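Enquirer: Sequence plus the predicted model coming up.
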Amino acid sequence: MRRWLMLVPLAVFLGMAWFLYKGLFLDPTELPSALIDKPFPAFSLPTVEGGKTLTEADLKGKPALVNVWATWCVSCKVEHPVLTKLAEQGVVIYGVNYKDVNEDAKKWLKEFHNPYQLDINDEAGSLGLNMGVYGAPETFLIDSQGIIRHKFVGVIDERVWREQLAGKYQALVDEATP
């Protein structure tokens, strides 16, 4: 009986070592989302520029990237020029300004250019919470019906766009074209 009890700590150690070893090979940009293949969460929030309230219905009609960003996010500043270039090439991008001071967001968009066709002011973070956002930047691909088809966590640079997201986005555009 005593030998059995001596093996318990060894078994616990080996189990923990196996989980930690397995974690070394996980991709941190592949955070699962319970919202894949589900409608974009319902919301009613103002635009960053003010004067208009947006809802999830405003996101329907065209496939799009929904980019969660903030002025406090250093990585968002790195990503911003790539998003601007994509918008200039005709990629539809909607922004969710997440847990940010709205005046700072207005200044940012004026200074660095606004790539977003719609920009949602989520100052309280309620929409981000409903989207399962961990932080910024995070980007969701939605189809023309407002269904979330993919989630990407991290900076979208030219390589990420080319190798991971462009094909998915183009497939949604092709699917929406009659």
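Expert: Received the coordinates, thanks. Residues are numbered from 1 along each chain as shown.
Enquirer: Enumerate every residue touching residue 130.
Expert: 41-43 (Cβ atoms under 8 Å, 6 or more residues apart in numbering). (Glycine included, C-beta is placed from N, CA and C.)
Enquirer: Drop anything exposed from the residues you listed.
Expert: With burial judged by 16 or more other Cβ atoms under 10 Å, the buried subset of the contacts of residue 130 is 41, 43.
Enquirer: for this protein, which spans come out with low pLDDT?
Expert: Within the chain, the stretches with pLDDT under 70 are 1-8, 10-33.
Enquirer: all strands of it, in order?
Expert: Assigned by DSSP state E, the strands in the chain fall at 44-46, 53-55, 64-69, 93-98, 118-122, 138-142, 148-153.
Enquirer: In helices, which of the contacts of residue 130 fall?
Expert: Among those, none falls in helices (DSSP state H).
Enquirer: What is the nearest of the contacts of residue 130 to residue 174?
Expert: residue 41 (25.8 Å; Cβ to Cβ).
Enquirer: nearest spatial neighbour of the closest one, skipping sequence neighbours?
Expert: Among residues not flanking residue 41 along the chain, residue 130 sits closest, at 3.9 Å (Cβ to Cβ, 6 or more residues apart in numbering).
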